[in-house]
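> mind looking at a prediction? Sequence and model below.
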Amino acid sequence: MRAVQVRAIGGPEVLEVVEIDEPQPGPGELLVEVAAAGVNYIDTYHRRGVYPLPLPFVIGLEGAGRVVATGDGVTEFSVGDRVAWSDAAGSYAERVVVPADRAVAVPDALDDDTAAGALLQGMTAHFLTATTYPVQAGDTVLVHAAAGGMGLLLTQLVTARGGRVIATVSTDEKEALARQAGAAEVIRYTEADVAKEVRALTDGVGVAAVYDGVGASTFDASLDSLRIRGVLALYGAASGAVPPLDPQRLNKAGSVYLTRPTLVHHVATRADLEWRAREVFEAIAAGTLTVRVGGRYPLDSARQAHEDLEGRRTTGKLLLKP
């Protein structure tokens with residue numbers, strides 16, 4: 001089968017499409033024919049060695065497809081079932097082995113692209129807005145990169161919970177998308193002092209929470225935008241890692257909270273995985289949450305997908321189509 005392999009860590013140029021043996025499912029595993037694989041920032045961290053993996057490896061964690069074989073002991077899924085997953089290594093491939101206890105059933109109302117594009121980012125947006133900082137009606141929050149896949153989902157979920165979103169974007173097109181998703185206010189981070197604008201939009205109070213997946217280039221503005229005892233949820237580092245921090249800065253900012261949450265810890269149990277996936281899928285089926293697919297690429301164009309993602313040339317979710 002064909003798969004995208006990394007033999008040496010580095011830039012997008014290290015992504016190679018190769019022919020490898022088709023994997024076989026072991027006990028408690030599914031073999032799935034991949035209909036669509038999600039392209040996520042964590043994939044770039046694996047490719048660059050930020051989160052090291054043994055070389056060589058087939059890249060990718062997320063996708064959706066149809067079960068073609070099951071391993072011993074699998075009872076909850078059968079051949080022909082449609083499933084989605086967010087943490088099965090080797091998902092940039094025509095077929096992938098998925099642990100059955102990490103797969104979720106895809107409702108008939110969702111197509112494969114939507115299912116593949118919704119799970120990792122959708123559940124991340126869910127835990128950020130429901131658990132890391134549970135948004136309450138009347139809260140104002142700041143969402144960075146609001147026209148990206150994560151940003152659009154966060155904006156919709158915050159709005160659905162009765163919150164007000166101040167969004168940061170860089171272009172007219174991205175501003176329109178952020179407003180369509182529910183952003184009440186939009187700041188052009190390339191043209192304005194974000195923290196100063198946030199203060200002006202909140203009568204000097206600041207925001208209850210900042211959802212920041214950008215990292216190094218936005219961290220200071222995020223910290224300076226918080227209200228007293230506000231929460232900075234640093235869930236990614238698209239612009240690079242944040243330098244070491246003196247905890248005294250959190251005191252000076254108003255006894256604020258800083259957390260670096262990740263999805264794996266919020267879906268560690270089967271019950272949590274099913275709960276978050278169900279709420280995301282049900283919201284999509286009900287029309288209250290929309291997944292915007294901003295780009296579809298064949299496996300041969302995985303390098304281009306990573307270049308576009310890291311170059312901030314995209315909006316919405318990116319998918320590979322094996």
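Looks like it arrived, so ask away. Numbers count the residues shown, from 1 in each chain.
> now do the domain split for this protein, please.
2-119+278-321, 137-260 (automatic domain parsing).
> export the ones you listed to JSON lines and tack on mean pLDDT, mean neighbour count and distance to Phe127?
C-beta here means a position set from N, CA and C on the backbone, and glycine is covered the same way. As requested, those are exported to JSON lines (pLDDT from 0 to 100; neighbours: other Cβ atoms under 10 Å; distance: least, Cβ to Cβ, whole Å):
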{"stretch": "domain 2-119+278-321", "mean pLDDT": "96", "mean neighbour count": "19", "distance to Phe127": "10"}
{"stretch": "domain 137-260", "mean pLDDT": "96", "mean neighbour count": "20", "distance to Phe127": "9"}
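> now those domains as TSV including distance to Arg270?
Putting these into TSV (distance: least, Cβ to Cβ, whole Å) gives the following:
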stretch	distance to Arg270
domain 2-119+278-321	6
domain 137-260	23
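> nearest to Ala268, of those domains?
Ranking the domains of the chain by proximity to Ala268 (Cβ to Cβ) places domain 2-119+278-321 first, at 10.6 Å.
> okay, how far is it across the closest one, tip to tip?
Between the opening and closing residues of domain 2-119+278-321 lies a distance of 12 Å (Cα to Cα, to the nearest Å).
> same question for stretch 12-24.
28 Å.
> what's the answer for stretch 78-95, then?
By Cα to Cα, the extent of stretch 78-95 from end to end equals 16 Å.
> do stretch 169-188 as well
Across its full length, stretch 169-188 reaches 5 Å between end residues, using Cα to Cα.
> one more: stretch 256-276?
End-to-end span of stretch 256-276 (Cα to Cα): 27 Å.
> would you map the helices across this protein?
Applying DSSP state H to the chain gives helices spanning 41-48, 112-127, 149-160, 172-181, 194-201, 219-224, 248-252, 270-286, 302-310.
> Trp85: which of the ones you listed is closest?
Nearest of the helices of the chain (Cβ to Cβ): helix 112-127, 7.0 Å.
> could you give the angle of the closest one to helix 270-286?
Angle between the axes of helix 112-127 and helix 270-286 is 120 degrees (criterion: axes from the mean of the first three to the mean of the last three Cα atoms, to 10 degrees).
> with just CA atoms, put helix 112-127 into CSV.
Provided in CSV are the C-alpha atoms of helix 112-127 (Å, rounded to 0.1, in the frame of the first residue of the first chain):
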residue,chain,number,x,y,z
ASP,A,112,-16.2,10.8,5.7
ASP,A,113,-14.5,14.1,5.1
THR,A,114,-16.6,15.8,7.9
ALA,A,115,-15.9,12.9,10.3
ALA,A,116,-12.2,13.0,9.6
GLY,A,117,-12.0,16.8,9.9
ALA,A,118,-14.1,17.0,13.0
LEU,A,119,-12.6,14.6,15.5
LEU,A,120,-9.2,15.7,16.7
GLN,A,121,-9.9,19.4,16.4
GLY,A,122,-13.5,19.1,17.4
MET,A,123,-12.7,17.2,20.6
THR,A,124,-9.9,19.7,21.3
ALA,A,125,-12.2,22.6,21.0
HIS,A,126,-14.7,20.8,23.2
PHE,A,127,-12.4,20.2,26.1
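> now that helix: how far from the chain's centre is it?
The chain centroid and the centroid of helix 112-127 are separated by 7 Å under Cα atoms, centre = their mean, to the nearest Å.
> quick one: contacts for the most centrally placed residue in the chain?
Centroid-nearest residue in the chain, with Cα atoms, centre = their mean: Gln121, separated by 3.0 Å. Listed by Cβ atoms under 8 Å, 6 or more residues apart in numbering, the contact partners of Gln121 are 38, 40, 149-150, 153, 317.
> including distance to Thr290, could those residues go into CSV?
Below are these laid out as CSV (distance: Cβ to Cβ, whole Å):
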residue, distance to Thr290
Gly38, 16
Asn40, 18
Gly149, 11
Met150, 14
Leu153, 9
Lys317, 11
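> okay, angle between the top strand by length along the chain and helix 41-48 too, please.
Identified as the longest strand of the chain according to DSSP state E is strand 29-39. Relative orientation of strand 29-39 versus helix 41-48 (the same axes, to 10 degrees): 100 degrees.
> which strands and helices sit next to strand 29-39?
Counting contacts by 3 or more Cβ pairs under 8 Å, 6 or more residues apart in numbering; DSSP states H and E, strand 29-39 is packed against strand 62-70, strand 82-85, strand 95-99, helix 112-127, helix 302-310, strand 317-321.
> so the last one versus helix 41-48, what angle?
When the same axes, to 10 degrees is applied, the directions of strand 317-321 and helix 41-48 differ by 60 degrees.
> go ahead and confirm Ala147 touches Arg179.
No: Ala147 is beyond contact range of Arg179, at 9.7 Å (criterion: Cβ atoms under 8 Å).
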